[in-house]
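Trainee: model this:
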Amino acid sequence: MSVVGPRPLPAGDVKDSKLAYLRVLAVTPGVTGLWQVQGRQDPSSDSYISLNVLYVENWSIWLDLQIILRTLGAVLAGTGT
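Mentor: Residues are numbered from 1 along each chain as shown. Coordinates of the predicted model:
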């Protein structure tokens, strides 16, 4: 497990997901990810899948640093669930 990366869906949900989500399964999962800092307001599985695919397709060190900083900000501010 890495610090930043998409968290995989439960096995039962993968069969119903889009084919684009299969790319997400090839990436090492992380403790935090794009959905955790950007998509919590919309907890639908479509939002979850699209943000994880967006992360995989646009991965960069800079994106990881932004996610880490936003995660730290949310933890220190006590926001989120």
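Trainee: Only C-alpha atoms from now on, for both contacts and neighbour counts.
Mentor: Fine.
Trainee: Can you list the neighbours in contact with the biggest helix by length in the chain?
Mentor: What stands out as the longest helix in the chain, according to DSSP state H, is helix 61-77. Residues outside helix 61-77 that contact it (CA atoms under 8 Å, 6 or more residues apart in numbering) are 4, 32-34, 36-37, 80.
Trainee: Of all the residues in stretch 43-51, which ones are buried?
Mentor: Across stretch 43-51, burial judged by 16 or more other CA atoms under 10 Å covers 47-51.
Trainee: Out of these, name the ones that lie in helices.
Mentor: 47-51.
Trainee: Just put these in TSV and tack on pLDDT and distance to residue 70.
Mentor: Below are those laid out as TSV (pLDDT from 0 to 100; distance: CA to CA, whole Å):
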residue	pLDDT	distance to residue 70
47	81	19
48	83	17
49	83	20
50	85	19
51	89	15
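Trainee: Show me the shaky parts of this structure.
Mentor: Applying pLDDT under 70 to the chain flags residues 11-18, 80-81.
Trainee: Burial check on residue 79, number of neighbours?
Mentor: By other CA atoms under 10 Å, 9 other residues sit near residue 79.
Trainee: Check the secondary structure at it for me.
Mentor: coil (DSSP: H, G, I helix; E, B strand; the rest coil).
Trainee: quick one on the thing from earlier: tell me the one among the ones in helices among the buried residues of stretch 43-51 nearest to residue 24.
Mentor: For these, the closest approach to residue 24 (CA to CA) belongs to residue 49, at 8.6 Å.
Trainee: nearest residue to the closest one other than its sequence neighbours?
Mentor: residue 21 (6.3 Å; CA to CA, 6 or more residues apart in numbering).
Trainee: Got the phi and psi for that neighbour?
Mentor: Backbone geometry at residue 21, expressed as degrees, to the nearest 10, gives phi -70, psi -20.
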